[in-house]
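K.L.:
coords below, sequence missing:
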């Protein structure tokens, strides 16, 4: 982390020491660990050893995130996975949005992962063509930011701790990263729990459809009818926690 950017209150990473079952939990683009803290704590309560890292450039200031790309986020996810795998007997990985993309990236490299939990993941790069064109136009104009994508929550009593703008270069890098994943999705044979909000205003429905059709392993698909994109802190959060923990317990047995 750039030393001149302080971590926001509530954006800190989370760890919990439990038994030999590990759970790695990954947050989304321009968000921070706050959005995944309830799920991480649910895993911890169930006895899992949990790691919820803060991805580079997140949870500080949007000016910090300008400096980071997909390769930085995959490197951080990879390091977190190795660290957790080295001290547990098995690992499940759960991710929201870009965290779901990183979960797929890990699953494509480490078939020993027991299961993956995908909450409104970004997976279909073709759906983001207009976003990428807009980001390139912003950069060509000498600017750095697009409108915010954080905060898509239906529950008025819940708020995501995220940035009020989105770094254009980072978004382009993210889409390029998920584009590279697409061809390898059929080779991911790890059991998956796919939790999808039909009223997601950030990730188009093509990502959930793509994963249902192309992932090589069994996919348990659940629709989150009451929640928007950041479903982990929205109306369906308890349902997500219950289903994710039950899934993780089953594949880790």
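P.N.:
Received the coordinates, thanks. Not measured: the values here are computed from a predicted model.

K.L.:
contacts and neighbour counts: CA atoms only from here.
P.N.:
Will do.

K.L.:
roughly how far apart are residue 102 and residue 75?
P.N.:
The spacing between residue 102 and residue 75, counted by CA to CA, to the nearest Å, is 10 Å.

K.L.:
the more surrounded of these two?
P.N.:
Using other CA atoms under 10 Å as the criterion, residue 102 and residue 75 rank with residue 102 on top: 33 against 14.

K.L.:
the residue sitting nearest the centre point of the chain: what's it in contact with?
P.N.:
Using CA atoms, centre = their mean, the residue of the chain that lies closest to the mean C-alpha position is residue 99, 1.5 Å off. Remark: with contacts taken as CA atoms under 8 Å, 6 or more residues apart in numbering, residue 99 is in contact with 25-29, 121.

K.L.:
let's have those in JSON lines, adding secondary structure.
P.N.:
JSON lines is the format used below for the contacts of residue 99 (DSSP: H, G, I helix; E, B strand; the rest coil):
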{"residue": "25", "secondary structure": "strand"}
{"residue": "26", "secondary structure": "strand"}
{"residue": "27", "secondary structure": "coil"}
{"residue": "28", "secondary structure": "coil"}
{"residue": "29", "secondary structure": "coil"}
{"residue": "121", "secondary structure": "coil"}
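
K.L.:
just these now: which is nearest residue 69?
P.N.:
Among the contacts of residue 99, residue 29 lies closest to residue 69 (CA to CA), at 10.7 Å.

K.L.:
isn't that closest one right up against residue 101?
P.N.:
No: in this structure, residue 29 is not within contact of residue 101 by CA atoms under 8 Å, at 10.1 Å.

K.L.:
contacts for the helix or strand hosting residue 134, please.
P.N.:
In this structure, residue 134 sits in helix 129-140 according to DSSP states H and E. By CA under 8 Å, 6+ apart, the residues outside helix 129-140 that reach it are 144-146, 168-169, 171-172, 175.

K.L.:
could I get the full set of helices for the chain?
P.N.:
37-45, 62-65, 70-85, 98-109, 129-140, 168-181, 206-214, 237-252 (DSSP state H).

K.L.:
what's the mean pLDDT across the fifth one?
P.N.:
Mean pLDDT, taken over the full extent of helix 129-140, equals 96.

K.L.:
how about stretch 81-88?
P.N.:
Mean predicted confidence for stretch 81-88 is 98.

K.L.:
that one: which residues count as buried?
P.N.:
81, 84-85, 88 (16 or more other CA atoms under 10 Å).

K.L.:
what sits up against that stretch?
P.N.:
19-22, 24, 49, 51, 91.

K.L.:
most neighbours, which of the residues you listed?
P.N.:
Most surrounded of those: other CA under 10 Å gives residue 22, at 31 neighbours.

K.L.:
tell me how far that one lies from residue 50.
P.N.:
6 Å.

K.L.:
any common contacting residues for the two?
P.N.:
If you check residue 22 and residue 50 against CA under 8 Å, 6+ apart, no residue is contacted by both.

K.L.:
ignoring the adjacent residues along the chain, who's closest to residue 47?
P.N.:
Of all residues not flanking residue 47 in the chain, residue 18 sits nearest, at 5.0 Å (CA to CA, 6 or more residues apart in numbering).
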